[in-house]
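Asker: Structure for the following, please:
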Amino acid sequence: MVSTASESEPVQSDGTEGAAETAAVPLLEPREGVPSVVMDAEGLERVIAAFAAGEGPVAVDAERASGYRYGQRAYLIQLRREGAGSALIDPIACPDLSGLDEILADTEMVLHAANQDLPCLAEVGLVPRRLFDTELAGRLLGYPRVGLGSMVENVLGFLLEKGHSAADWSTRPLPDDWLRYAALDVELLVELRDALHAELTEAGKLDWAMEEFAAILTTPPKAPRPDPWRRTSGIHRVRNRRALAIVREVWEARDAIAQERDLSPGRVLQDTAIVELALNPPKTPAELQALPAMRNRGARRHQSAWLRAVSRARALPDRGLPEANLPGDGPPPAHRWAERDPEAAKRLTAAKAAVAALADEHSMPTENLLQPDSVRRLAWAPPAEPTPETIGAALSALGARAWQVGLVATPLAKAFGRLETKGDL
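Answerer: Numbering: from 1, shown residues only. Next up is the predicted model:
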């Protein structure tokens, strides 16, 4: 049985390290013990009935197998609700949670760093309509550390063990200590939500938070990158188009093997090996095996696939080679602005300073007040007449929320106006 928050001294929750004043209480066991993992339709029906009879927000978390399996699917889903207790669901054995979603349609779901879990929850039919994101709430309140463990400690005064966050959650059966860890992740999530809700209200930031939470649910997912292979770590070392073609061909071969074997691509072939193949393209198995990055058994297991990929890249006509750089859809890198457009560079400096001052005034990270990309785009191509109204419209078109526009539009208009008054533009 875990202690309740009222049994320990309160911890400061104003964004400072108040936990130093009172020793945090280790959170060792869920209040009702570790629930059995739901792995069949009968067990799922019991969970649905229990959560339908519960009340208040529902804490939700998901465990993935990043770094072990292909993709970002969930391998365990944890829930908790007042009156229902906690539930652990195996989404591999129970891949359709639409019945649970139906009875929770009007219920607020509480997640920590919701953007990480929402895609894998949607895959099994669990889609929040109302959201409270405790990580984002912490950012808006200015907490210096917003991981779940830090937030639970600093806001509620409990130590939450986080040792299994990077585990291979596709393991079956899941070890008992992993299940305990998973159950504890949702044990105090609603209590954390309630405390942060009160702090947001007191700070006058609750409406801002609600806009942010709604935006998370309504913003469509980003379109897939046109050339995902260009994100290969170390690709900056590859300086000619033929070598880039090798990176592309090997990356695509690796991705196909990883998907087929349901393995994280890095477990099939590391990025360092792809780059090495591009810089020192082998023609024979012996040359391939001589490369330092190809000496481990995992990399050599599919050596014929890597050799075929290199051969395909070598055989491509020049017109089939990838361009060294793709044209961007936004401004050039900021370090080039002073040379290409000195006036834009001055606007960017002024805009950054204005946003940073506002963020400091309201005790939050600058990126939560306004996305850096929006600042760059506005500075590069501002309205012809930079008034609060025109700047606000431009920022809204870039995806800024109403509360953000309300805070930054006038200061940005004044900052740009001062540059014009000084004759700097």
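
Asker: Please enumerate the strands of this structure.
Answerer: 25-27, 37-38, 55-64, 74-82, 85-89, 108-111, 130-133, 158-160 (DSSP state E).

Asker: And the average pLDDT for the fifth one is what?
Answerer: For strand 85-89, the per-residue pLDDT values average out at 98.

Asker: tell me the angle of it relative to strand 74-82?
Answerer: Put simply, strand 85-89 runs at 170 degrees to strand 74-82, going by axes from the mean of the first three to the mean of the last three CA atoms, to 10 degrees.

Asker: Outside of strand 85-89 itself, list whatever touches it.
Answerer: Residues outside strand 85-89 that contact it (CB atoms under 8 Å, 6 or more residues apart in numbering): 30-32, 34-38, 44, 47, 50-51, 76-80, 97, 179, 182-183, 186-187. C-beta: built from backbone N, CA, C; applies to glycine.

Asker: Return a ChimeraX selection command for the buried portion of these.
Answerer: This is the ChimeraX syntax for the buried subset of the contacts of strand 85-89, where burial follows 16 or more other CB atoms under 10 Å:
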select :30,34,35,37,38,44,47,51,76,77,78,79,80,97,179,182,183,186,187
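
Asker: confidence score at the nearest residue to residue 412 once chain neighbours are set aside?
Answerer: Distances taken as CB to CB, 6 or more residues apart in numbering put residue 391 closest to residue 412, at 5.2 Å, once the chain neighbours are dropped. pLDDT, residue 391: 98.

Asker: give me the number of residues near residue 391?
Answerer: 24 (other CB atoms under 10 Å).

Asker: okay, the closest residue to residue 331 other than its chain neighbours: pLDDT?
Answerer: Spatial nearest neighbour of residue 331, chain neighbours left out: residue 380 (3.8 Å); criterion: CB to CB, 6+ apart. pLDDT, residue 380: 97.

Asker: need the contact list for residue 380.
Answerer: 330-331, 337, 341, 344, 347-348.

Asker: tell me which residues in stretch 335-351 are buried?
Answerer: Result for stretch 335-351 [16+ other CB under 10 Å]: buried residues 337, 341, 344-351.

Asker: Mark which of these are part of helices, please.
Answerer: 337, 344-351 (DSSP state H).

Asker: so can I have a markdown table of the residues you listed showing pLDDT and distance to residue 252?
Answerer: As requested, those are exported to a markdown table (pLDDT from 0 to 100; distance: CB to CB, whole Å):
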| residue | pLDDT | distance to residue 252 |
| --- | --- | --- |
| 337 | 96 | 35 |
| 344 | 96 | 38 |
| 345 | 97 | 39 |
| 346 | 96 | 43 |
| 347 | 97 | 41 |
| 348 | 97 | 37 |
| 349 | 97 | 41 |
| 350 | 97 | 44 |
| 351 | 98 | 40 |
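
Asker: and which of the residues you listed is nearest to residue 365?
Answerer: residue 351 (16.2 Å; CB to CB).

Asker: can you give me the helices for the stretch 251-400 of the chain?
Answerer: Applying DSSP state H, counting those that start in this stretch to the stretch 251-400 of the chain gives helices spanning 265-268, 271-279, 285-290, 297-301, 303-315, 337-340, 342-361, 366-369, 372-380, 388-397.

Asker: which one of the ones you listed lies closest to residue 122?
Answerer: The nearest among the helices of the stretch 251-400 of the chain, by CB to CB, is helix 265-268 at 22.6 Å.

Asker: I'd like the distance between the residue nearest to residue 216 when sequence neighbours are not counted and residue 217.
Answerer: Nearest residue to residue 216, sequence neighbours excluded (CB to CB, 6+ apart): residue 114, at 5.6 Å. Here the criterion is CB to CB, to the nearest Å. By it, residue 114 lies 8 Å from residue 217.

Asker: out of the two, which sits in the busier spot?
Answerer: residue 114 (21 against 15).

Asker: distance of the more buried one from residue 222?
Answerer: Distance from residue 114 to residue 222, by CB to CB: 15 Å.

Asker: Run a quick neighbour tally on residue 126.
Answerer: 25.

Asker: Which parts of the chain belong to which domain?
Answerer: 5-218, 228-320, 334-422 (automatic domain parsing).

Asker: With residue 326 as the reference, name the closest of those domains.
Answerer: domain 228-320 (7.2 Å).

Asker: pLDDT of the closest one, averaged?
Answerer: 96.

Asker: Going forward, count from 138.
Answerer: Yes, from this point I'll number from 138; that puts the last item at domain 365-457.

Asker: Quick one: end-to-end length of it, please.
Answerer: End-to-end distance of domain 365-457: 17 Å, with CA to CA, to the nearest Å as the criterion.

Asker: got the contact list for residue 555?
Answerer: Contacts of residue 555 (CB under 8 Å, 6+ apart): residue 487.

Asker: next one: residue 482
Answerer: Per CB under 8 Å, 6+ apart, neighbours of residue 482: 471, 474-475.

Asker: Show me which helix or strand of this structure is least confident by mean pLDDT.
Answerer: helix 434-438 (a mean of 88; mean pLDDT, DSSP states H and E).

Asker: what bits of the protein have low per-residue confidence?
Answerer: Scanning the chain for pLDDT under 70 picks out the ranges 138-158, 559-562.

Asker: if I look at the residue nearest in space to the middle of it, how far off is residue 408?
Answerer: What sits nearest the mean C-alpha location of the chain, by CA atoms, centre = their mean, is residue 253, with 4.5 Å. Residue 253 sits at a distance of 22 Å from residue 408 (criterion: CB to CB).

Asker: which stretches of the stretch 138-287 of the chain form helices?
Answerer: 178-190, 235-240, 251-260, 271-277, 285-288.

Asker: Okay, angle between the third one and strand 192-201 too, please.
Answerer: Following the same axes, to 10 degrees, one obtains 90 degrees for the angle between helix 251-260 and strand 192-201.

Asker: buried stuff in helix 251-260?
Answerer: For helix 251-260, by 16+ other CB under 10 Å, it's 251, 254-255, 257-258, 260.

Asker: what touches both of residue 251 and residue 354?
Answerer: The contact lists of residue 251 and residue 354 share 265, 268, where a contact means CB under 8 Å, 6+ apart.

Asker: can you tell which of the helices of the stretch 388-537 of the chain is closest to residue 268?
Answerer: helix 503-506 (16.1 Å).

Asker: Report all helices and strands that that closest one contacts.
Answerer: helix 271-277, helix 479-498, helix 539-559 (3 or more CB pairs under 8 Å, 6 or more residues apart in numbering; DSSP states H and E).

Asker: doesn't residue 538 make contact with residue 352?
Answerer: Yes. The pair residue 352 / residue 538 is scored as a contact, 5.9 Å apart, by CB atoms under 8 Å.
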